[in-house]
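[1] Sharing a sequence plus its predicted fold:
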Amino acid sequence: ILGGHVTDGDKQGQQAGQLAQAYFAGQSISTLTTIIDPINSYVFDYQLLEKYKLTLPEQIKSVANILNKPTSWYERFRTIIVSLCVALIFTIILILVSFVWTLSRKNKEILSRTQLIESKEQLEIERLQKVETYQEALVELSRGNFECLDDEFGYAAKISAETLGIKQVGIWLYNNDHTDIVRQTIYVLGSGQQNVSATLHRVDFPTYFDAVDSGCSLAIDNASIDPITAELNEVYLAPNNITSMLDVPIFYQGQCMGVVCHEHIGDPRNWTPDEQEFAYAVAKNVSLSFEISKRKEIEAVLEHQAYHDALTNLPNRTLLIDRLDQAILQASRERSLVAILFFDLDNFKMINDSFGHVVGDKVLIKVSQLLRAKFREMDTIARIGGDEFVMILGAFKNVNQMTAMTSSIYDMLQSAIDIDGHQLYV
């Protein structure tokens, strides 16, 4: 049968079912709605149409039910296509989630690094501020004008205690035969200067006395258990609640005369290199105070120390700024160029950690000597803290001269430095 306008069984069944539902629902037969819609539909066999090459009119084709019509490529593979689409969507979602997670993690890492950098920068700013405070304190110390040593000692102890925030700072001097060390004065933060005498005997504390005799600074973080100061604990440290000590030797005419003793009360304190350098400068000032008869010379030396680095004797930050102003004015008058070079030593921390602070100090001194030998008298070389140096180079006619000078500095510092038989690269 090719097909035609025939009764549609589906429609016929639906209409019969609707009538039956209405009847069983209680509606009487006489009130049932008469069905006047035709239940016929166009039904054709696709294969026969193809066989006889017949084409249905559009108005019939659009409503006809075509039997035995072959399935399309999409219908045959619909399950696979749908599965692939679902898998693709899932993969895209997974990639997006992974991308968002990775981006979030990277943002966190960037934020963490930024915060770390900002933290380091803040710490460095705070350190530099402290260094400036130390330098200002040394300038103030150099301006002290006293007629007797006790007043000089008291003022030095006061400056050191207030600048470093240490509970008490004392000046201790050996007796003539170095068998005892006697406290001459002590400044207690919040209470002021006190001339409370105390005496320690070599026979009772031989290890501590030997350490002081060595002429080295003693930076003791935990004094009660440190081998050098543990013997002081029962008699001196514990009764005075002292937990940390920073003792810097006082020299006069090449001989150790005593110590400037910084005594910290509270939790153990880790003495920073900047604090140790400041204490060293204070002790050096105390040493100079023995030269009362040469007051003018002392004042000149103290003034020099206020504007120069205690370790390398190079100009410090304060003098550097003054020299920079002068160099800029001179360059403006002479219509020349001035160069400002800032550099630090890449390997200094590794050298300090590996060989100790003594070797590290020798490295800084050696580098300063090399720089002094390299430059002209008109140039300024300053150490502004740690392993950081600044150079002011003037009287250049062009940039090429600056570049040549900078290259020569770099080449010089590439060579090894001999420190106590160690070939060190900075």
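    Nice, thanks for sending it over.
[2] And L413, how far from F77?
    To F77, L413 is 73 Å away according to C-beta to C-beta, to the nearest Å. Glycine gets a C-beta too; all of them are placed from N, C-alpha and C.
[3] cool, R105 as well?
    In terms of C-beta to C-beta, R105 sits 40 Å off from F77.
[4] Look at those two and report which has more neighbours.
    F77 (13 against 10; other C-beta atoms under 10 Å).
[5] Next, the more buried one: phi, psi?
    The phi and psi values for F77, taken as degrees, to the nearest 10, are phi -110, psi 20.
[6] Name the SS class of S287, please.
    helix (DSSP: H, G, I helix; E, B strand; the rest coil).
[7] which secondary structure element contains V260?
    Using DSSP states H and E, V260 sits within strand 255-265.
[8] partners of that strand in the sheet?
    Strand 255-265 sits in its sheet next to strand 168-174 (antiparallel), strand 242-252 (antiparallel), going by DSSP bridges.
[9] For N285, which residues are in contact?
    L138, L141, S142, A156, L302, Q305 (C-beta atoms under 8 Å, 6 or more residues apart in numbering).
[10] In JSON lines, list the residues you listed along with neighbour count and pLDDT.
    Below are those laid out as JSON lines (neighbours: other C-beta atoms under 10 Å; pLDDT from 0 to 100):
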{"residue": "L138", "neighbour count": "26", "pLDDT": "85"}
{"residue": "L141", "neighbour count": "23", "pLDDT": "83"}
{"residue": "S142", "neighbour count": "20", "pLDDT": "80"}
{"residue": "A156", "neighbour count": "24", "pLDDT": "90"}
{"residue": "L302", "neighbour count": "20", "pLDDT": "79"}
{"residue": "Q305", "neighbour count": "22", "pLDDT": "82"}
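[11] Between the residues you listed, which sits nearest F24?
    L138 (112.2 Å; C-beta to C-beta).
[12] Tell me, how many residues neighbour K130?
    17.
[13] Now it: closest residue in space that isn't a chain neighbour?
    D274 (6.2 Å; C-beta to C-beta, 6 or more residues apart in numbering).
[14] hang on, the earlier thing: can you add distance to T318, mean neighbour count and mean pLDDT and give the strands paired with strand 255-265 back as JSON lines?
    Converted to JSON lines, the strands paired with strand 255-265 look like this (distance: least, C-beta to C-beta, whole Å; neighbours: other C-beta atoms under 10 Å; pLDDT from 0 to 100):
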{"stretch": "strand 168-174", "distance to T318": "24", "mean neighbour count": "23", "mean pLDDT": "93"}
{"stretch": "strand 242-252", "distance to T318": "22", "mean neighbour count": "23", "mean pLDDT": "92"}
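[15] Now distance to E234 too, for those, in JSON lines please.
    Shown next, in JSON lines, are those (distance: least, C-beta to C-beta, whole Å):
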{"stretch": "strand 168-174", "distance to E234": "19"}
{"stretch": "strand 242-252", "distance to E234": "12"}
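[16] Quick one, which of these gets closest to L54.
    Nearest to L54, of the strands paired with strand 255-265 and by C-beta to C-beta, is strand 242-252 at 109.2 Å.
[17] For the closest one, C-alpha coordinates in CSV please.
    In CSV, the C-alpha atoms belonging to strand 242-252 read as follows (Å, rounded to 0.1, in the frame of the first residue of the first chain):
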residue,chain,number,x,y,z
ILE,A,242,69.5,40.3,83.9
THR,A,243,68.9,37.9,81.0
SER,A,244,71.1,39.4,78.2
MET,A,245,74.4,41.3,78.1
LEU,A,246,76.2,43.3,75.5
ASP,A,247,79.7,44.1,76.9
VAL,A,248,82.0,46.2,74.7
PRO,A,249,85.7,46.7,75.8
ILE,A,250,87.1,50.2,76.7
PHE,A,251,90.6,50.7,75.4
TYR,A,252,93.1,53.3,76.4
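[18] what about that strand, distance to the chain center?
    31 Å (C-alpha atoms, centre = their mean, to the nearest Å).
[19] which residues are in contact with stretch 356-371?
    Contacts for stretch 356-371 (C-beta under 8 Å, 6+ apart): 216, 273, 311-314, 345, 348, 351-352, 381, 383, 387, 389, 391, 409, 412-413, 417, 419-420, 422, 424, 426.
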